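S.K.: sequence first, then the predicted structure:
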Amino acid sequence: MRPASEESTRQVLEKPSELTQLVTEHHIDSKHQVKRRQTFRYLKRRAANILVLGSGDALALSFGIVTAGLVRYLLKGRSMGLADFIDAGGSMIPVWWWVLILAWLVGAIALNLLPGWGLGAVEELRRVTWLVCGVFSVVAITLFLGKSGETTSRLTVTAAMLVSGPLIILFRHVSKNILLRSGRWGLPTVVYGGSETACLAIRALNEDQGLGFIPVGVFEDDKTPGVDTVEDVPVLGTLEQNSRIAPAAVLALSDSSRHDLVRMLEGPLSNYHRVIIIPDLMEAPSLWVQPRDVGGILGLEVSVNLHDPFSRFLKRAVELAIVVVTAPVWFPFCILVAFLIWIEDRHDPIFAQKRIGKSNDTFNTFKFRTMVPDAKTALETALRESEDLREEWNANFKLRHDPRITRIGKLLRKMSLDELPQLYNVLIGNMSLVGPRPLPIYHHAQLPEHIRNLRERVRPGITGLWQVSGRSESGNDGMIRWDGYYVRNWSIWLDIVILVRTVRAVIKARGAY
């Protein structure tokens, strides 16, 4: 928290016009006025978000159908003319397009994909995938039962299904960014809590604005005189008050009793359309938790996917398939990179190091050598001569400006290409494509015991949540946070999201050194 004048608060909160107007109009109104205004804003936001995201989904499906027709045309180009392409590949658009779009919109609303508030990237990917499969399956069955299968290509339907899923995810990402930049994505949200818990809640919501809960105000349990903001969000009052600026609220009270929670829910929080309760379970699994009614008592069912043998088998099978299928691309490239490293100093281009793996077993992980041959001596000399380097090394066991790195090594590390030989580790089974970073013994020993125990439950990975959440910039604290989160919430869907984010992080070279 920090004190701020009215002018500085206005400048800090200089966001898109609608949110700015909401924040600056933080009047405390009567109960009926609050409900009426919040209902209006809630319905207005919901309609606008459904319209934009729904239009993007429909456009993505249309592109998918056209692309599928084009694929069929290219595959049968010698036997098909352009008129045939329009008739065969594009015929689904005038005949079935509206059925497909209508089925998608109905299913998306039923699964809360429209507007999708509260869905993280992993859950959104899972629901989109299942809905795409379901909608196209219904279309295929309808075509078959309607005896249209002879005039509509099965290849077109299948290709459209395969293409539409990624396109929908891409178009939804673009649609959300457009709404975010215009200040119209999600719900303006107020946070109820103490200064520390409110800070944590606001940071979490700001880090993942795709959830759609945008912090615009705070109600504190003990408002400190002279303090006007928490994490640059204005303090509007105490816990007993409410405001018309937001139709959603987050309750983040640590050490609160059952009586206090009920009193808040039946009191000031009863005025909001959506209320998120953040329990004091910061390190518990969160992705695969389902609420359950246990004889009138709220229960939380936690699914531990690591205990599902089929899911673990599927992960291994998919990763092996990816590595084998892409071998004609990455293997020749590895040969080329190894040759360039050897040319620079005539030493072995591959570096092997003992790392901690699953069940605390050690194994050799392979990487392209990015350091000078006498790297240990070079490091000892640099640490001995520089106190700043010693402090940086003791904190993260990494150096931003490492004197051991070769010229080609800097490029390889920046693009994360130095880890390509670890695909061999994936093939032989002591690593995965996605998992916690494999650590040297000395680094592994520096982590808290409970984090070490979690990491040892899975195979280490070439990429992971820590690497795509700031990578080297997040340091050990980031590793403790994200590696623990990954193991507790692991699923195939989370792996897919991490792989996509890895590509984006490598392209941007973000956080790597």
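M.R.: In hand now; what should we look at?
S.K.: please identify the buried residues of the helix or strand where Asn177 lies?
M.R.: Using DSSP states H and E, Asn177 sits within helix 154-181. Residues of helix 154-181 classed as buried by neighbour count (16 or more other Cβ atoms under 10 Å): 155-157, 159-161, 163-165, 167-169, 171-172, 175-176, 179-180. No exception for glycine: its C-beta is placed from N, CA and C like everyone else's.
S.K.: and that helix, how far from the chain's centre?
M.R.: Relative to the chain's own centre, helix 154-181 is displaced by 17 Å; criterion: Cα atoms, centre = their mean, to the nearest Å.
S.K.: for the residue positioned nearest the centre of the chain, give its distance to Ile214.
M.R.: Nearest to the mean C-alpha position of the chain, by Cα atoms, centre = their mean, lies Ala121 at 4.6 Å. Counting by Cβ to Cβ, to the nearest Å, the gap from Ala121 to Ile214 is 17 Å.
S.K.: again with Arg126
M.R.: Note on Arg126: its distance to Ile214, by Cβ to Cβ, is 24 Å.
S.K.: ok, Leu253 next?
M.R.: Distance, Leu253 to Ile214, using Cβ to Cβ: 21 Å.
S.K.: quick one, helices of the stretch 151-300 of the chain?
M.R.: Per DSSP state H, counting those that start in this stretch, the stretch 151-300 of the chain carries helices over the ranges 154-181, 195-207, 258-266.
S.K.: what sits against the residue nearest to Val190 when sequence neighbours are not counted?
M.R.: Take Val190 and drop its neighbours on the chain: the residue closest to it by Cβ to Cβ, 6 or more residues apart in numbering is Gly217, 4.2 Å away. Each residue near Gly217 by Cβ atoms under 8 Å, 6 or more residues apart in numbering is listed here: Val23, His26, Val190, Val191, Val233, Pro234, Val235, Leu236, Ser243, Ile245, Ala246.
S.K.: repeat that for Val138.
M.R.: Ala103.
S.K.: tell me the secondary structure at it.
M.R.: When classified by DSSP: H, G, I helix; E, B strand; the rest coil, Val138 comes out as helix.
S.K.: return the distance of it relative to Trp97.
M.R.: Val138 is 14 Å from Trp97, by Cβ to Cβ.
S.K.: nearest to Ile428, of the helices of the stretch 151-300 of the chain?
M.R.: For these, proximity to Ile428 was assessed by Cβ to Cβ; helix 154-181 is nearest, at 30.6 Å.
S.K.: quick one: list the elements packing against the closest one.
M.R.: helix 31-75, helix 92-110, helix 121-145 (3 or more Cβ pairs under 8 Å, 6 or more residues apart in numbering; DSSP states H and E).
S.K.: turn these into CSV, columns for distance to Asp293 and mean pLDDT.
M.R.: Below are the helices and strands packed on helix 154-181 laid out as CSV (distance: least, Cβ to Cβ, whole Å; pLDDT from 0 to 100):
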stretch, distance to Asp293, mean pLDDT
helix 31-75, 25, 83
helix 92-110, 21, 80
helix 121-145, 21, 88
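S.K.: any chance of those in CSV, with distance to Ser257 too?
M.R.: Converted to CSV, the helices and strands packed on helix 154-181 look like this (distance: least, Cβ to Cβ, whole Å):
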stretch, distance to Ser257
helix 31-75, 25
helix 92-110, 37
helix 121-145, 31
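S.K.: of these, which approaches Ala327 most closely?
M.R.: Using Cβ to Cβ, the helices and strands packed on helix 154-181 put helix 31-75 closest to Ala327, at 24.6 Å.
S.K.: just want the angle from the closest one to helix 154-181.
M.R.: Counting by axes from the mean of the first three to the mean of the last three Cα atoms, to 10 degrees, helix 31-75 lies at 140 degrees to helix 154-181.
S.K.: start the count at 597 instead of 1 going forward.
M.R.: All right, first residue 597 from here; so that's helix 627-671.
S.K.: give me the distance from helix 627-671 to the chain's centre.
M.R.: Distance, centroid of helix 627-671 to centroid of chain: 20 Å (Cα atoms, centre = their mean).
S.K.: swap in stretch 1029-1044?
M.R.: Worked out by Cα atoms, centre = their mean, stretch 1029-1044 lies 22 Å from the chain centre.
S.K.: first-to-last residue distance for that stretch?
M.R.: Terminal residues of stretch 1029-1044 are spaced 24 Å apart (Cα to Cα, to the nearest Å).
S.K.: now do stretch 960-978
M.R.: Separation of the first and last residues of stretch 960-978 by Cα to Cα is 27 Å.
S.K.: avg pLDDT for it?
M.R.: Stretch 960-978 shows a mean pLDDT of 84 in the predicted model.
S.K.: what's in contact with that stretch?
M.R.: Contacts to stretch 960-978, defined as Cβ under 8 Å, 6+ apart, come from residues 933-934, 937, 941, 943-951, 985, 989, 995, 998-1002, 1004-1006, 1008-1009, 1013-1018, 1020-1021, 1026-1027, 1034, 1056.
S.K.: and the strands in the chain?
M.R.: Under the criterion DSSP state E, strands of the chain are mapped to 783-789, 809-816, 825-826, 829-834, 844-848, 870-873, 885-890, 893-898, 946-952, 958-964, 1028-1030, 1057-1059.
S.K.: any weak-confidence spans in this structure?
M.R.: 597-631, 669, 672-691, 742-749, 818-823, 878, 1066-1071, 1105-1109 (pLDDT under 70).
S.K.: so it: which segments form each domain?
M.R.: If you go by automatic domain parsing, the domain ranges for the chain are 602-622+782-899, 640-777, 905-966+1001-1104.
S.K.: would you format those domains as a markdown table with distance to Leu975 included?
M.R.: Shown next, in a markdown table, are these (distance: least, Cβ to Cβ, whole Å):
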| stretch | distance to Leu975 |
| --- | --- |
| domain 602-622+782-899 | 34 |
| domain 640-777 | 38 |
| domain 905-966+1001-1104 | 11 |
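S.K.: out of the ones you listed, which comes closest to Arg632?
M.R.: Of all the domains of the chain, it is domain 602-622+782-899 that lies closest to Arg632, at 8.6 Å by Cβ to Cβ.
S.K.: mind checking how far that closest one is from the chain centre?
M.R.: The answer for domain 602-622+782-899 is 21 Å, by Cα atoms, centre = their mean.
S.K.: cool, and stretch 973-982?
M.R.: 39 Å.
S.K.: same check, this time on stretch 1001-1021
M.R.: 25 Å.
S.K.: mind listing what's buried in it?
M.R.: By neighbour count on 16+ other Cβ under 10 Å, the buried set for stretch 1001-1021 is 1001-1002, 1004-1005, 1007-1009, 1012-1021.
S.K.: also stretch 986-993?
M.R.: Glu988, Trp989, Asn992.
S.K.: residues touching the residue nearest to the first one when sequence neighbours are not counted, list them.
M.R.: Closest residue to Glu988 apart from its sequence neighbours, by Cβ to Cβ, 6+ apart: Leu995 at 5.8 Å. Going by Cβ under 8 Å, 6+ apart, Leu995 touches Ala978, Leu985, Glu988, Trp989.
S.K.: alpha carbons of stretch 881-897, as PDB, please.
M.R.: What follows is stretch 881-897, C-alpha atoms only, in PDB (Å, rounded to 0.1, in the frame of the first residue of the first chain):
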ATOM      1  CA  PRO A 881      -4.500 -27.700  -6.200                       C
ATOM      2  CA  SER A 882      -6.800 -25.200  -8.000                       C
ATOM      3  CA  LEU A 883      -7.300 -26.300 -11.600                       C
ATOM      4  CA  TRP A 884      -9.200 -29.500 -11.100                       C
ATOM      5  CA  VAL A 885     -11.300 -28.600  -8.100                       C
ATOM      6  CA  GLN A 886     -15.100 -29.100  -8.200                       C
ATOM      7  CA  PRO A 887     -17.600 -27.800  -5.700                       C
ATOM      8  CA  ARG A 888     -19.800 -30.600  -4.200                       C
ATOM      9  CA  ASP A 889     -23.000 -30.400  -2.100                       C
ATOM     10  CA  VAL A 890     -22.400 -32.800   0.800                       C
ATOM     11  CA  GLY A 891     -25.700 -32.900   2.700                       C
ATOM     12  CA  GLY A 892     -26.100 -29.100   2.600                       C
ATOM     13  CA  ILE A 893     -22.400 -28.500   3.300                       C
ATOM     14  CA  LEU A 894     -20.000 -27.000   0.700                       C
ATOM     15  CA  GLY A 895     -17.300 -29.500  -0.200                       C
ATOM     16  CA  LEU A 896     -14.400 -29.300  -2.600                       C
ATOM     17  CA  GLU A 897     -13.500 -32.400  -4.600                       C
END
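S.K.: great, nothing more from me.
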